[in-house]
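Got a predicted model here, sequence first, then my questions.
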Amino acid sequence: MVSRLTKIDGIQAKELAFKSALFLAGIFVVSLMGAAIITLGIGAWPAITKIGTHFITDKEWNPTLNQYSSLPLVCGTVLVAIGALGIALPVAIAVALLTTVIIKNRKIQKILNSGLDILSAIPSVVFGLWGLTTIVPLIRHVQLYYDMPPYGVSMISALITLAIMSIPFAAALIREVIKTIPNSLIDATYALGATPYEMTKTVILPYAKSGIIAGGILALGRALGETMAVSMLIGNVNHIPQNILEQGNTISSLLVTEFQDAIDPLYHSSLIVLALVLFGVTTVMSILGRRIIIWFQSKN
Amino acid sequence: MVSKQKLGQSAIKRQRISMMWTIIIITLSAVAIFPIISILELTIYNGIKALTPHFVASPLLAAEREAFATAFIGTAIMMTLATIITLPISILVGILCVEHPNHWIVRMCRLSVDILQGAPAIVIGIIVYCWMVFPTRQFSGLAGTLALVIIMMPVSIRSTEEVLKKIPRSLIESALALGVPNYRAIQKVMIPTAFRGILSGTCIAASRASGETAPLLLTAFGTPFIAVSLLKEMGALPLMIYHYSASHNDIWQAMAWGGALALITVNVILISASHWIGHEK
């Protein structure tokens, strides 16, 4: 009797230990996130109080003169990311349609899809290396044509490479969205005599609209945070961009090139402010995009 | 009669529009495929040259050989450690999310995973820099490993949860009905059933993390010397690619391409492994 009771006690103790291990792991993840946000907040505070509105009103990022304006970097980031997505999104939609509507052969679809998977596995730094050897010489010619100094590295180089990088990711997302459309709907439209174009226009696009928008938001969030390829190709010059053929800089690229050298506390802190802004914007976009996709999938 | 002719004409017109639309889509896709073929071609062509024993033996100086080797060693050490740390945490959190789906900690967990997954890698690098590098004034492989863990964890947790959710509840309930305690049922039924899926998700997470450069630049920093100590600077393949990519020295360029080929190969192997593990049976 006693031994049986102790056995049950033992099981209960183990059960408790297991449950607390689960919750400890959960608390670990939550505290990691909390600590991350607190770290950024504490790090950013001195700059926020000291620089305040000058972050937006000033026009120069020049740490040697104690000028910390986020304007050149925000402009560069937005320009490069939105420009890249402007190129990437139509192409990604075309690729997604190609692998779902036009090519019906399962085997070819499979090959194309695994091709896309492999592409999204190419690291950013390899795209940077590729851009340096192919895009940069190309842009050098263009710059010479327009009588500009032929640096080669410029906002347009970064933009083009970023667009190419975003295509596989965006195409894979949009493909998943299109796949959730019920086949009966597509077949019914074909049975009524619609051409593939009419089917796409009347069924796929209206149906998948919110999903495609969500894919765009997610891809934009990723493009905003993209660091290495951009940093290698953009030229890292901090002024407000006048011409897309000029050198520029983005927030993420500035962070990776300058953060280690930021010994001055104010400099260090204002870089963390930029990191916090980037973090906030990309997080909101990522959560928003994913929520829309989840809502879209549960709707079907 | 007239209406029939009209109908025929409009049908031809519709067919033509559809044809044109198809051609536009194929052209756009071809535009997308072109640079991608170029990347793969350049990487394979230049990379294979750099990975031959001949290249490593003769044009490389001893110091360059050391820099080349330390990149491979550093990536291997940090990725292995990061995977070993990530796997148990993500299994535990995944189980927690499935067992207590409405507990407030689980909700916070899901939010944290969302936030961490959306964060750009560079921001994670900065956070780990503030935690480990700034106080000690020392870049370290340990900091690099922590950054990789934070990058891998959200992906891994999410996929683990998805896999665990798919296990039929009846399977676990039948174990419970036989009088098996809850933790034994999880240990003996849930985890073995889901293990392939969990492993597959971990492979995907590892392939994501293996190419990360920006956070490693702020944490492990990279070194041209053979380094196995976790408390000192450590080299990594992406860091080597970054450091040598902009040089005009042909041999250094070749080393960068060799690193790129190695990295892509590892990624392709990891992704194929994940497909293979996930779809078996």
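The structure has been received and is ready for your questions.

okay, CA-based contacts and neighbour counts for the rest of this
OK.

My guess is B:S274 contacts B:I198. True?
No - the pair B:S274 / B:I198 is not scored as a contact, 9.5 Å apart, by Cα atoms under 8 Å.

between these two, who's got more neighbours?
When neighbours are counted by other Cα atoms under 10 Å in any protein chain shown, B:I198 comes out ahead of the other of B:S274 and B:I198, with 28 against 22.

I figured that one hits B:R158, correct?
No - judged on Cα under 8 Å, B:I198 makes no contact with B:R158 at a distance of 9.9 Å.

Remind me what the helix or strand hosting A:Q297 packs against, helices and strands.
In this assignment (DSSP states H and E), A:Q297 forms part of helix A:265-299. Applying 3 or more Cα pairs under 8 Å, 6 or more residues apart in numbering or on different chains; DSSP states H and E, we find helix A:265-299 packed against helix A:2-51, helix A:205-225, helix A:251-258, helix B:104-118, helix B:121-128.

if we go to 6 Å?
Under the contact criterion of 3 or more Cα pairs under 6 Å, 6 or more residues apart in numbering or on different chains; DSSP states H and E, helix A:265-299 touches helix A:2-51, helix A:205-225, helix B:104-118.

Which neighbouring elements make contact with the longest one?
Taking 3+ Cα pairs under 6 Å, 6+ apart as the contact definition, the neighbouring helices and strands of helix A:2-51 are helix A:265-299, helix B:62-99, helix B:104-118.

buried set for the second one?
Put plainly, it is helix B:62-99. B:64-75, B:77-79, B:81-83, B:85-87, B:89-99 (16 or more other Cα atoms under 10 Å in any protein chain shown).

Equivalent analysis for stretch A:191-209, please.
A:A194, A:T195, A:P196, A:Y197, A:E198, A:M199, A:T200, A:I204, A:Y207, A:A208.

The residue lying closest to the second one once chain neighbours are set aside: neighbouring residues, count only.
With Cα to Cα, 6 or more residues apart in numbering or on different chains as the criterion, A:T195 has its nearest non-adjacent residue at 6.2 Å, and that residue is B:S18. By other Cα under 10 Å, the residues close to B:S18 number 19.

and the angle for the helix holding A:Q297 with helix A:251-258?
140 degrees (axes from the mean of the first three to the mean of the last three Cα atoms, to 10 degrees).

per-residue confidence averaged over helix A:265-299?
For helix A:265-299, the mean pLDDT works out to 90.

chain center to it: distance?
Relative to its chain's centre, helix A:265-299 lies at 10 Å (Cα atoms, centre = their mean, to the nearest Å).

Could I have the CA atoms of stretch A:228-248 written out in CSV?
Provided in CSV are the C-alpha atoms of stretch A:228-248 (Å, rounded to 0.1, in the frame of the first residue of the first chain):
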residue,chain,number,x,y,z
MET,A,228,23.9,42.4,-46.4
ALA,A,229,23.2,42.6,-50.1
VAL,A,230,22.1,46.2,-49.8
SER,A,231,25.0,47.2,-47.7
MET,A,232,27.5,45.8,-50.2
LEU,A,233,25.8,47.5,-53.2
ILE,A,234,24.4,50.8,-52.1
GLY,A,235,27.6,52.7,-51.5
ASN,A,236,27.0,53.8,-47.9
VAL,A,237,26.7,57.5,-48.3
ASN,A,238,24.4,59.3,-45.9
HIS,A,239,22.6,62.0,-47.7
ILE,A,240,19.0,62.5,-48.8
PRO,A,241,18.8,60.7,-52.2
GLN,A,242,18.4,63.1,-55.1
ASN,A,243,18.9,60.6,-57.9
ILE,A,244,18.5,56.9,-58.0
LEU,A,245,21.9,56.5,-59.7
GLU,A,246,23.7,58.1,-56.8
GLN,A,247,25.0,56.3,-53.8
GLY,A,248,22.8,56.2,-50.7
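
Go through the helix holding A:Q297 and flag the buried ones.
Within helix A:265-299, judged by 16+ other Cα under 10 Å, the buried ones are A:266-287, A:289-290, A:292-293, A:296.

do the same with stretch A:248-264
A:248-257, A:259-260, A:262.

Serialize those to CSV and add fields for distance to chain B and pLDDT.
CSV is the format used below for the buried residues of stretch A:248-264 (distance: Cα to the nearest Cα, whole Å; pLDDT from 0 to 100):
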residue, distance to chain B, pLDDT
A:G248, 18, 91
A:N249, 15, 92
A:T250, 12, 94
A:I251, 10, 94
A:S252, 7, 94
A:S253, 9, 94
A:L254, 10, 94
A:L255, 7, 94
A:V256, 6, 93
A:T257, 9, 91
A:F259, 8, 91
A:Q260, 7, 87
A:A262, 11, 85
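
out of those, who's nearest B:T136?
A:Q260 (13.7 Å; Cα to Cα).

Skip the chain neighbours and tell me the closest residue to that closest one.
B:L218 (6.8 Å).

Touching stretch B:33-47 from outside, list them.
B:W257, B:G258, B:L261 (Cα atoms under 6 Å, 6 or more residues apart in numbering or on different chains).

which of those tops the neighbour count?
Going by other Cα under 10 Å, B:W257 tops these with 29 neighbours.

Remind me which helix or strand it belongs to.
Going by DSSP H and E, B:W257 is part of helix B:250-279.

for that helix, packing partners?
Looks like helix B:250-279 contacts helix B:2-50, helix B:191-210, helix B:237-245 (3+ Cα pairs under 6 Å, 6+ apart).

if you set the cut-off to 10 Å instead, what comes out?
helix A:106-119, helix A:124-133, helix B:2-50, helix B:53-57, helix B:62-99, helix B:191-210, helix B:237-245 (3 or more Cα pairs under 10 Å, 6 or more residues apart in numbering or on different chains; DSSP states H and E).

possible to save the ones you listed as CSV with mean pLDDT and distance to B:L116?
Putting the helices and strands packed on helix B:250-279 into CSV (pLDDT from 0 to 100; distance: least, Cα to Cα, whole Å) gives the following:
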stretch, mean pLDDT, distance to B:L116
helix A:106-119, 85, 22
helix A:124-133, 94, 19
helix B:2-50, 86, 29
helix B:53-57, 80, 40
helix B:62-99, 92, 14
helix B:191-210, 92, 13
helix B:237-245, 92, 22
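
ok, back up a step: what's the angle between the helix holding A:Q297 and helix A:2-51?
Using the same axes, to 10 degrees: helix A:265-299 against helix A:2-51 is 120 degrees.

ok, is stretch A:207-219 in contact with chain B or not?
Yes - applying Cα under 10 Å from any Cα of the partner chain, one finds stretch A:207-219 in contact with chain B at A:L218.

So A:I263 versus chain B, what's the distance?
10 Å (Cα to the nearest Cα, to the nearest Å).

Could you pull up the residues touching that residue?
A:S269 (Cα atoms under 10 Å, 6 or more residues apart in numbering or on different chains).

Quickly find the element holding it.
Going by DSSP H and E, A:I263 is not part of any helix or strand.

Check the residue minimising distance to the centre of chain A and give its pLDDT.
Computing the C-alpha centroid of chain A and ranking residues by Cα atoms, centre = their mean puts A:R222 first, at 0.1 Å. On pLDDT, A:R222 comes in at 91.

Identify the contacts common to B:I198 and B:R158.
What both B:I198 and B:R158 touch, as defined by Cα under 10 Å, 6+ apart, is the set B:S90, B:I91, B:G94.

Can you get me a residue count around B:R14?
17.

How about it: what's its closest non-neighbour residue?
Here the residue nearest B:R14, using Cα to Cα, 6+ apart, is A:T195, at 7.2 Å.

what residues go with each domain of chain A?
Taking automatic domain parsing as the reference, chain A has its domains at A:1-51, A:54-299.

before we move on, back to that, make TSV from the helices and strands packed on helix B:250-279 and add distance to B:A185 to it.
Shown next, in TSV, are the helices and strands packed on helix B:250-279 (distance: least, Cα to Cα, whole Å):
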stretch	distance to B:A185
helix A:106-119	36
helix A:124-133	43
helix B:2-50	47
helix B:53-57	52
helix B:62-99	12
helix B:191-210	9
helix B:237-245	42
